[in-house]
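A.B. asks: Quick check, what structure comes out for this input:
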Amino acid sequence: MTEKNKAAQELGRLGGKKGGKARAEKLSPERRKEIAREAAKKRWAKKREEEAP
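C.D. replies: This next block holds a predicted model:
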């Protein structure tokens, strides 16, 4: 098994922690609503598929 570079792991984690928040700040409130609405639709559609006989 190869060992992972700890410094690279930390840098990747830092970028990941910033990414979602930075992206959300760039989006307009309208676009965030659209994204949330789409996600909710997909969640409900998935739930309906699971319940279907």
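
A.B. asks: helix, strand or coil for the most centrally placed residue in the chain?
C.D. replies: The residue lying closest to the centre of the chain (Cα atoms, centre = their mean) is Gly20, at 7.1 Å. Look at Gly20: counting by DSSP: H, G, I helix; E, B strand; the rest coil, its state is helix.

A.B. asks: Against Lys6, how distant is it?
C.D. replies: Here the distance between Gly20 and Lys6 works out to 23 Å (Cβ to Cβ, to the nearest Å). From N, CA and C alone the C-beta is placed, and that goes for glycine too.

A.B. asks: One more: Arg23?
C.D. replies: 27 Å.

A.B. asks: Ala36 now?
C.D. replies: Applying Cβ to Cβ to Ala36 and Lys6 gives a distance of 36 Å.

A.B. asks: can you give me the helices in the protein?
C.D. replies: 6-26, 29-51 (DSSP state H).

A.B. asks: With mean pLDDT added, can I get these in JSON lines?
C.D. replies: Compiled in JSON lines, the helices of the chain are given as follows (pLDDT from 0 to 100):
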{"stretch": "helix 6-26", "mean pLDDT": "84"}
{"stretch": "helix 29-51", "mean pLDDT": "91"}
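
A.B. asks: Lys26: what's it in contact with?
C.D. replies: For Lys26, no contacting residues are found, by Cβ atoms under 8 Å, 6 or more residues apart in numbering.

A.B. asks: Just the pLDDT for Thr2.
C.D. replies: We note a pLDDT of 75 for Thr2 in this prediction.

A.B. asks: Could you check how many residues crowd around it?
C.D. replies: For Thr2, the tally of surrounding residues (other Cβ atoms under 10 Å) stands at 4.
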